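Asks: from the sequence below, what's the structure:
(chains A, B and C)
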Amino acid sequence: MDAKRFIKMWFQKTITLSPRSRGFHIITPDVINQISEIEKIKTGILHLFIKHTSASLTINEDADPTVRTDFESHFNMLAPENQSYYQHTFEGPDDMPAHLKASLLGSSLSIPISDGKLNLGTWQGIYLCEHRDRSSARKVVATIQGE
Amino acid sequence: MDAKRFIKMWFQKTITLSPRSRGFHIITPDVINQISEIEKIKTGILHLFIKHTSASLTINEDADPTVRTDFESHFNMLAPENQSYYQHTFEGPDDMPAHLKASLLGSSLSIPISDGKLNLGTWQGIYLCEHRDRSSARKVVATIQGE
Amino acid sequence: MDAKRFIKMWFQKTITLSPRSRGFHIITPDVINQISEIEKIKTGILHLFIKHTSASLTINEDADPTVRTDFESHFNMLAPENQSYYQHTFEGPDDMPAHLKASLLGSSLSIPISDGKLNLGTWQGIYLCEHRDRSSARKVVATIQGE
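Replies: Just a heads-up that it's a prediction; the model follows:
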């Protein structure tokens, strides 16, 4: 492994995702279109960090929309509304489940960049997981490190 | 994206978190106080890695303590003690659930640094998730990359 | 924190993990053997990204094999087959649970490198989580950044 003769660089910006309905949504095109700097990186990592506690990011199957429908159904089972032991209820029945789902799925993603493209598998897409009934625009900090 | 004229740097150290009771605990001040190097980074990433398999790290709501209480209640439902199919039982009833919770929540976090500060959302805090009844000090490797 | 006089470097390659049976498997030796470049890094991060939506990566206890058996049992409870609300069923009963498990556990890991070694805790190992009945070889993009 020789230290390559490429220029090391950092890039960071905050992108805004328009409001989505409660559920799981493919945002790969939003990410690629809003972060054109990916094209300039030969080898690197894209880090995405969502600045919210009731929405999350994950990577999963991007071809069949029923996968996302099943995600919504199943995560509603894993973190149901109105559990008798919930104490944090004053923001509505969808709020505490939203926090739980956010930690089960995670607030950040790191994706390799290779030759100017996200090095995702054939079937992989980036999901925005919107856990609130009343969705709002979501802010994501994108940080690229690479060369 | 020009390669900026900043100095690229790496920094790494292991911090120790004092023992917490079983449950979910805000450690954002511990992290910021013990890793003063964050202030010196204009653009970068803080990576935190917990060197244990029965405690974990996540990011969630840091204002209302009942959220953390509900996390403890709900994760005790998702990974209950004394399931009939558990084979790994010799370290006590809280041990196998602790391992499961650790993988559901994750052993590492990556948080963007912007202008010398962790670029967290308004309501986001860093949680130490302590899954054992008898807690001990927890070691976390902090790695900063940035410029 | 002075900028160290070490050479910053990036390294990236795709490794292939041979097919494993459905369940949780220690792959720490595979990772270390296939990514010998770890030895050349004083301070850095190894990022592993699995290019599949029905297998995942996590870090957990590597000493007692019954932990991995219990993981398989318990994740089969958290994401059971044949739920009545599943719509994505045409790839077999293990397919939708595989997608759910992949997002619960995650598709990537970031592990600190210190003095040429992965800085894992005493009991930590890297798991390949194979969620399909008919397993195939799995591709993992390994990216090292460090100096």
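
Asks: okay, now the closest residue in space to A:Asp94 that isn't next to it in sequence: neighbour count?
Replies: Excluding the flanking residues, the one nearest A:Asp94 by Cβ to Cβ, 6 or more residues apart in numbering or on different chains is A:Asp133, at 4.9 Å. The C-beta positions use only the backbone N, C-alpha and C, and glycine is treated the same way. A:Asp133: 13 surrounding residues under other Cβ atoms under 10 Å in any protein chain shown.

Asks: if I pick A:Asp133, what's in contact with it?
Replies: A:22, A:92, A:94 (Cβ atoms under 8 Å, 6 or more residues apart in numbering or on different chains).

Asks: what's the burial count for the first one?
Replies: Put plainly, it is A:Arg22. Residues near A:Arg22, counting by other Cβ under 10 Å, number 17.

Asks: also the last one?
Replies: By the criterion of other Cβ under 10 Å, A:Asp94 has 18 neighbours.

Asks: that one and chain C, how far apart?
Replies: Applying Cβ to the nearest Cβ, to the nearest Å, the value for A:Asp94 to chain C is 18 Å.

Asks: same check on the first one?
Replies: Counting by Cβ to the nearest Cβ, the separation of A:Arg22 from chain C is 16 Å.

Asks: for chain A, which residues are neighbours of chain C?
Replies: A:1, A:3-4, A:6, A:8, A:43-45, A:58-61, A:64, A:66-67, A:69-71, A:73-74, A:77-78, A:104-106, A:109-112, A:114, A:119-124, A:127, A:145-147 (Cβ under 8 Å from any Cβ of the partner chain).

Asks: OK, contacts around A:Ser21?
Replies: With contact set as Cβ under 8 Å, 6+ apart, A:Ser21 has these partners: A:130, A:135.

Asks: that one looks like it's in a helix, true?
Replies: No - going by DSSP: H, G, I helix; E, B strand; the rest coil, the assignment for A:Ser21 is coil, not a helix.

Asks: now it. Its backbone dihedrals?
Replies: Per-residue torsions, A:Ser21: phi -70, psi 160 (degrees, to the nearest 10).

Asks: how close does it get to A:Ala55?
Replies: Using Cβ to Cβ, to the nearest Å, we find A:Ser21 at a distance of 12 Å from A:Ala55.

Asks: and if you look at A:Gly116?
Replies: 28 Å.

Asks: who has more neighbours, these two?
Replies: Each of A:Gly116 and A:Ala55 has its neighbours counted (other Cβ under 10 Å); A:Ala55 has more, 25 against 14.

Asks: from what I can see that one touches A:Ser136, true?
Replies: No - counting by Cβ atoms under 8 Å, A:Ala55 does not reach A:Ser136; the two are 9.0 Å apart.

Asks: helix, strand or coil for A:Asp30?
Replies: helix.

Asks: what sits closest to the spatially most central residue of chain A if chain neighbours are left out?
Replies: Centroid check for chain A by Cα atoms, centre = their mean gives A:Leu57 as the closest residue, at 2.4 Å. Leaving aside its sequence neighbours, A:Leu57 sits nearest to A:Leu109 (Cβ to Cβ, 6+ apart; 4.9 Å).
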